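**Q** below is the sequence, then the predicted model.
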There are 2 protein chains.
Amino acid sequence: MPMPLQPIKPKNISDQVFDQIRESIFRGQLKAGEQILPERELSQALGVSRTTVRNAINKLVVLGLLEHKQGQGTFVRSPDTRQGNPLAAAMEVQDATINDLLEVRMGLECNAAALAAVRAVKEDLAFMDASLEEMRAEVSSGRLGTEADTAFHMALAYATKNSVHVYLMKNFYDFLFVGIKKNLSHLYENPRNIDEILRQHGTIIAAIKRRDPKEATEAMRRHIQFVQDFFRNRL
Amino acid sequence: MPMPLQPIKPKNISDQVFDQIRESIFRGQLKAGEQILPERELSQALGVSRTTVRNAINKLVVLGLLEHKQGQGTFVRSPDTRQGNPLAAAMEVQDATINDLLEVRMGLECNAAALAAVRAVKEDLAFMDASLEEMRAEVSSGRLGTEADTAFHMALAYATKNSVHVYLMKNFYDFLFVGIKKNLSHLYENPRNIDEILRQHGTIIAAIKRRDPKEATEAMRRHIQFVQDFFRNRL
DNA sequence: ATGTGACATTGGTATGACCATTAATTTAGC
DNA sequence: GCTAAATTAATGGTCATACCAATGTCACAT
């Protein structure tokens, strides 16, 4: 009789550290340009050797998420200086347009909003609220709110509690958002657009807090539709 | 007079090792599938520490040129497996369930169905019809219809005319049907399930032919819901 | 023949030390 | 006082060694 053996997930320690740091970046806890903890402190804080931490960091450096500066520290690369994402490369070949990306996001994120409305715990909601607040702050201080923007959408992804969805969003983060960024600046040129987007994010969060999947989906649909319309009128 | 100083970039030792190995690969001295020297031997041969060699190798692994296999060695990845599935890699380790996959498909494919209803040309419709017919044939000949099944969903993807969606689905199905084919066989065990699925595929195609995005979406939703319910009742 | 288990090989992790580079701080020189 | 050189502290880069973990091999017992 086949004893129902439990799996155990092996996974390298390095990769676990890798995931954790990457997640901090995606969640916006580590902002672009910011310096991360020194390797020695990180290793102590995580309870692993410096060797392991270095492996994880090196991986992130190769992927273009971090940047090493000997004698200074390790820093989070700002998205616009990122290059050489293997996925992004694959995209170029296929002449993907912004609208293509938005269409896919329409499917992925509307669905995600519904899932989040059912499963989000208060921690997830806190992350979403924080991203919203941060975006307001960034905007009122004159900067663009693109990073807080992505932080919001990533927070939503985590709230789905669906590892496949999170995985997808993590890996497509770069060209789902960054690819848009340069064009996004046009969207942010008009203060009215920013206000509208902030309002839309708020509406989505509200629906999720009310545990209303249908309205959450619809709010997300309107949000993405708004962005789509903007680009459509521009071209 | 500003002497045109020559750069001389001492460069990291790791990077020097990195360059050397990479060059060997490009020159063909290290052929695809071949095993490279063990780290310990390499470090001795190059006169550097194993740490440094590991850094270089890790970089090449991240870039997809090499592949680590603990207990065996490090191997040169063949070019055709190189740009391979970003999804499948980290998926194995993750605790992704079938339901996670289906939830994401719910978002992606319902959306795709709507797009296809608007954009599918008669060629796309022909492909879908063909997959349906092929699946019928396979089933009635006793074999499983998994390949024709994927063919249907991929035909739908192509019909969206969205290169991003196609790219996602390609990788998605690569992974999907490697990992859970055996579970799928349970679904196909019962002839009634097969008939139902054939019927559902037909309904989706019909809605697309009628250029009815709303009904196409709904038909797809019911289809995936059906599969979800099946697995839910099974566990 | 078969399969069980010790063994050798190889990548993964842990320590601890020291080197190299950079920025901040202090000190020497004028 | 001010500038420039020297010192120092912080941080990433490298080294050496030991041991852990996974994998395949092969002799040995059954």
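**A** Great, that's in hand.
**Q** tally of neighbours for the residue of chain A found nearest DNA strand C?
**A** With C-beta to the nearest atom of the strand, the shortest gap between chain A and DNA strand C falls at A:Gly71, namely 2.2 Å. Just so you know, the C-beta spots here come from the backbone N, C-alpha and C atoms, and that holds for glycine as well. Residues lying near A:Gly71 (other C-beta atoms under 10 Å in any protein chain shown) number 4.
**Q** also A:Glu123?
**A** 10.
**Q** what's the end-to-end length of stretch A:25-32?
**A** Distance between the two ends of stretch A:25-32: 8 Å, counting by C-alpha to C-alpha, to the nearest Å.
**Q** alongside DNA strand D, which residues does chain A contribute?
**A** Listed as neighbours of DNA strand D in chain A under the rule C-beta under 7 Å from any atom of the strand: A:10, A:36, A:38-41, A:51, A:54, A:68-74.
**Q** now A:Arg211, what's its secondary structure?
**A** Following DSSP: H, G, I helix; E, B strand; the rest coil, we place A:Arg211 in the coil state.
**Q** quick one: it and A:Ala117 touch, right?
**A** Yes: using C-beta atoms under 8 Å, A:Arg211 makes contact with A:Ala117 at a distance of 5.6 Å.
**Q** of the two, who's got more company?
**A** Higher neighbour count among A:Arg211 and A:Ala117: A:Ala117, with 23 against 13, using other C-beta under 10 Å.
**Q** got the contact list for the more buried one?
**A** Taking C-beta atoms under 8 Å, 6 or more residues apart in numbering or on different chains, we find A:Ala117 in contact with A:Ala207, A:Ile208, A:Arg210, A:Arg211, A:Asp212, A:Pro213, A:Glu215, A:Ala216.
**Q** go again using 7 Å as the cut-off
**A** The contact partners of A:Ala117, by C-beta atoms under 7 Å, 6 or more residues apart in numbering or on different chains, come to A:Ala207, A:Ile208, A:Arg211, A:Asp212, A:Pro213, A:Ala216.
**Q** how close does the first one sit to chain B?
**A** When C-beta to the nearest C-beta, to the nearest Å is the yardstick, A:Ala207 and chain B sit 17 Å from each other.
**Q** report the separation between A:Ala114 and A:Thr217.
**A** Separation of A:Ala114 from A:Thr217 (C-beta to C-beta, to the nearest Å) stands at 5 Å.
**Q** which of the two has more neighbours?
**A** Neighbours were counted for A:Ala114 and for A:Thr217 using other C-beta under 10 Å; A:Ala114 has more, 24 against 21.
**Q** skipping adjacent residues, who's closest to that one in space?
**A** Of all residues not flanking A:Ala114 in the chain, A:Pro213 sits nearest, at 3.9 Å (C-beta to C-beta, 6 or more residues apart in numbering or on different chains).
**Q** ok, A:Phe127 next?
**A** Once flanking residues are discounted, A:Phe127 sits nearest to A:Ala155: 4.0 Å by C-beta to C-beta, 6+ apart.
**Q** got it, and A:Ala32?
**A** Spatially, and ignoring its direct neighbours in sequence, A:Ala32 is nearest to A:Ser78 (3.8 Å; C-beta to C-beta, 6+ apart).
**Q** what about the one you found, neighbour count?
**A** Burial of A:Ser78, expressed as a neighbour count using other C-beta under 10 Å, amounts to 14.
**Q** and it, how far from B:Leu63?
**A** Distance from A:Ser78 to B:Leu63, by C-beta to C-beta: 22 Å.
**Q** and for A:Ala148?
**A** Distance, A:Ala148 to B:Leu63, by C-beta to C-beta: 31 Å.
**Q** repeat that for A:Glu189.
**A** With C-beta to C-beta as the criterion, A:Glu189 and B:Leu63 are 38 Å apart.
**Q** these two - which one has more neighbours?
**A** Of the pair A:Glu189 and B:Leu63, B:Leu63 is the one with more neighbours under other C-beta under 10 Å, namely 16 against 11.
**Q** with only the CA atoms kept, save stretch A:121-133 in CSV.
**A** Presented in CSV, the C-alpha positions along stretch A:121-133 are these (Å, rounded to 0.1, in the frame of the first residue of the first chain):
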residue,chain,number,x,y,z
VAL,A,121,-5.7,38.7,4.3
LYS,A,122,-5.3,41.9,6.2
GLU,A,123,-1.6,41.8,5.5
ASP,A,124,-2.2,41.9,1.8
LEU,A,125,-4.6,44.7,2.2
ALA,A,126,-2.0,46.6,4.2
PHE,A,127,0.5,46.2,1.3
MET,A,128,-2.1,47.5,-1.1
ASP,A,129,-3.0,50.5,1.1
ALA,A,130,0.7,51.2,1.5
SER,A,131,1.4,51.3,-2.2
LEU,A,132,-1.5,53.6,-2.7
GLU,A,133,-0.3,55.9,0.0
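**Q** state the mean pLDDT of it.
**A** In this model, stretch A:121-133 carries a mean pLDDT of 92.
**Q** so how far is that stretch off the chain centroid?
**A** Its chain's C-alpha centre and that of stretch A:121-133 lie 13 Å apart, by C-alpha atoms, centre = their mean, to the nearest Å.
**Q** also stretch A:20-33?
**A** 9 Å.
**Q** tell me the buried residues in that stretch?
**A** Residues A:Ile21, A:Arg22, A:Ile25, A:Phe26, A:Arg27, A:Gly28, A:Leu30, A:Ala32 are the ones in stretch A:20-33 that count as buried (16 or more other C-beta atoms under 10 Å in any protein chain shown).
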